[in-house]
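Peer 1: give the three-dimensional model of this entry:
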Amino acid sequence: MSEWDSFPDIVRGDGFWLVDSRGNRYLDGVASMWCNVWGHSKREIITTINSQSKKIIHSSLFNLTNNQAETLAKKLVSISPGMNRVFYSDNGSTAMEIAFKIAIQHWQNIGQKNKTMFATLQNGYHGDTFGTMSVGFVPAFFGKFKKNLYKTIQIPFENSYKISNHKEYHSQTLERIENQLSKNHNIAAFVMESGAQIAGGVNIYRDNFQSDIGKICKKHGVLFILDEIATGFGRLGSLVEYTAQKSKPDIVSYGKMLTAGYLPMAATLVTKKIYDSFLGNYHAMKHLYHGHTFTGNTMACAVANQNLQLYQKTGLISKVNKTAKHLEKRLEEFWNINAVGDIRHKGMLAGIELVSNRTKKIPISFSKSTNKIVFDEAKKHKIYLRTLGNIVMLVPPLAISQKELDFLMDGTIKTIKNITK
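Peer 2: You can find the predicted model right below:
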C-alpha cells in the first residue's frame, strides 16, 4: 500500500468516462469493478432514482413488502428457467453466503443433517467473507486466513494457460468430481462460477463442462449452486449465463450488473423444491433465520427494474455479442507484443496474460506491483485499467460504443508496449 501516495479524485461521470477533480478524463475499462452497464450518466436510470427518492428510499421487508421488490422478483424468476423464489441482499458475497446457508438448511429441513460440506473448483472466487473465502479459496487473496476457514473439497482446476491438452484435462476434472461426489455422502452442494472463473484468472470453460458437472450433481443427489454475480446479465454474452451453458442449478446468485452498477444489490434464487423445504408451522423451525437491513431496498429494486426494461428495449444482449466480435478481432493485435503470453476472451471479458518469457510462461514482474505499473501508464493514455496479478483485465461497460472500445484497445496496447519495452 505504500506504493500509492495519491489517487485521482473522481467527481463525476460522463457516459463511459470518469472525470477527476482536475478535469482529467479516464475511459472506464473495468466497468467500475465489472458492474457498469450503460455508462455513468444513463438518463433513464438517474430519472428512476430521482423519482423513487420522492416516494420512499427504503422500507424493510421484515413483515412488509413493496411493489418494486415484488415486481423485480417476478422479473428475475421469469428470466431464470427453473427458479421459483428470490432472496434479496446487497452484494455478491452475501448473496453467496445466503446460497450456502439455504443449501445446508434445506438438507436439515428434510432430515439429512449430515450434508454440510461444499465441493468446488480450485481458483473459483465467490467473495471476501469467511464463508465465501472458504468455498472460493484463491490462495493469492486469502492465504493469510487459511487457518480460519472451514474445510471444503477443492477439485484441482488450473488456468487453461497452464495446461496443454484442454479436452483431456476437463475430462479428468469431471472424473475427479464424480469420484468425490460418489464417495462423500456429506456433500451438500457443488459450487462454481457460471461460464468462467474471473477473479481466479479469467478461466473460460469448455463447451458442456458446466452442464456435465450439473448432471453429476443430480446423479449423486448434490445441490448445484451457480455464481453469476460477475458472469450474468450479459458479461459473457447471455442474459442468464446458465441457460447458455445448458445447465440447471438448484440455487443461483446474481449481483453487480443487476442494477447496472448504480446501486448495491444482489439476489439469490432457488427452485420450488428448495423453497418448499422451508415451509411449515412456526414451531417446526424450518424458516431461514437470515436478514439484511437493506434487503429489497426500494431504490435498488426500482433501478434494477428499469435496468431490465432497458435490456429488453435496446436489445442489449444482441448488441453485446456484436461488440464482443469486434473486441475479439482487436485482441489479435496484442499477439504482436512479445510480453503477451496468452489471451482469454468471451463476450465482454478479456484477460491478457503478461510474461517475461513466452516459452517458459514466466509471469512478468516489476520493482512495483504490476497493478500499479499498469494503472499509472494507462492513466497517461486516458484509460482506467486494473490487473489480476500479471493479467490485464478488459471488462468494459456492456453498452460501450465501438469507437470508445477502439480507444480503450488502442490505449491498452500502448500501455502494455510502454511498460514492457
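
Peer 1: the bottom helix or strand of this protein by mean pLDDT?
Peer 2: One helix or strand of the chain scores below all others by mean pLDDT, DSSP states H and E: helix 139-142, with a mean of 90.

Peer 1: beyond that helix, next helix or strand please.
Peer 2: Moving toward the C-terminus from helix 139-142, the next helix or strand (DSSP states H and E) is strand 153-155.

Peer 1: put the alpha carbons of the helix or strand just after that next one into PDB.
Peer 2: Toward the C-terminal end, the helix or strand that comes next after strand 153-155 (DSSP H and E) is helix 166-183. Only the C-alpha atoms of helix 166-183 are listed here, as PDB (Å, rounded to 0.1, in the frame of the first residue of the first chain):
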ATOM      1  CA  HIS A 166      -7.700 -28.900 -22.600                       C
ATOM      2  CA  LYS A 167     -10.100 -31.600 -23.600                       C
ATOM      3  CA  GLU A 168      -8.300 -34.300 -21.700                       C
ATOM      4  CA  TYR A 169      -7.800 -32.000 -18.600                       C
ATOM      5  CA  HIS A 170     -11.500 -31.200 -18.500                       C
ATOM      6  CA  SER A 171     -12.400 -34.900 -18.700                       C
ATOM      7  CA  GLN A 172     -10.000 -35.600 -15.900                       C
ATOM      8  CA  THR A 173     -11.600 -32.900 -13.800                       C
ATOM      9  CA  LEU A 174     -15.100 -34.300 -14.400                       C
ATOM     10  CA  GLU A 175     -13.800 -37.700 -13.300                       C
ATOM     11  CA  ARG A 176     -12.400 -36.200 -10.100                       C
ATOM     12  CA  ILE A 177     -15.700 -34.500  -9.400                       C
ATOM     13  CA  GLU A 178     -17.600 -37.800 -10.000                       C
ATOM     14  CA  ASN A 179     -15.200 -39.600  -7.600                       C
ATOM     15  CA  GLN A 180     -15.600 -37.100  -4.800                       C
ATOM     16  CA  LEU A 181     -19.400 -36.900  -5.100                       C
ATOM     17  CA  SER A 182     -19.800 -40.700  -5.200                       C
ATOM     18  CA  LYS A 183     -17.800 -41.400  -2.100                       C
END
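
Peer 1: show me the helices in the stretch 251-400 of the chain, by range?
Peer 2: Using DSSP state H, counting those that start in this stretch, the helices of the stretch 251-400 of the chain run over 272-276, 298-314, 316-331, 370-380.

Peer 1: now render those helices as TSV, adding mean neighbour count and mean pLDDT.
Peer 2: Using the backbone N, CA and C atoms, a C-beta is placed for each residue, glycine as well. Shown next, in TSV, are these (neighbours: other CB atoms under 10 Å; pLDDT from 0 to 100):
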stretch	mean neighbour count	mean pLDDT
helix 272-276	15	98
helix 298-314	21	98
helix 316-331	16	98
helix 370-380	18	97
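
Peer 1: of those helices, which is nearest residue 168?
Peer 2: Residue 168 sits nearest to helix 316-331 of all the helices of the stretch 251-400 of the chain, at 25.6 Å, using CB to CB.

Peer 1: packing partners of the closest one?
Peer 2: Secondary-structure packing of helix 316-331 (3 or more CB pairs under 8 Å, 6 or more residues apart in numbering; DSSP states H and E): strand 340-346, strand 349-357, helix 402-419.

Peer 1: wait, what's in contact with residue 386?
Peer 2: Residues in contact with residue 386 (CB atoms under 8 Å, 6 or more residues apart in numbering) are 30, 33, 371, 374, 375, 393.

Peer 1: can we see that at 10 Å?
Peer 2: 29, 30, 33, 34, 371, 374, 375, 378, 392, 393, 395 (CB atoms under 10 Å, 6 or more residues apart in numbering).

Peer 1: quick check: residue 319 touching residue 347?
Peer 2: No. Assessed by CB atoms under 10 Å, residue 319 is found out of contact with residue 347, at 11.7 Å.

Peer 1: between those two, which contacts overlap?
Peer 2: Residues touching both residue 319 and residue 347 by CB under 10 Å, 6+ apart: 234, 398.

Peer 1: format the helices of the stretch 251-400 of the chain as JSON lines; extra columns: distance to residue 88.
Peer 2: Shown next, in JSON lines, are these (distance: least, CB to CB, whole Å):
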{"stretch": "helix 272-276", "distance to residue 88": "14"}
{"stretch": "helix 298-314", "distance to residue 88": "8"}
{"stretch": "helix 316-331", "distance to residue 88": "23"}
{"stretch": "helix 370-380", "distance to residue 88": "33"}
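
Peer 1: sorry, back to before: distance to residue 51 added to the helices and strands packed on helix 316-331, as TSV?
Peer 2: Shown next, in TSV, are the helices and strands packed on helix 316-331 (distance: least, CB to CB, whole Å):
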stretch	distance to residue 51
strand 340-346	36
strand 349-357	33
helix 402-419	29
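
Peer 1: out of these, which is the most enclosed?
Peer 2: strand 349-357 (a mean of 21; mean count of other CB atoms under 10 Å).
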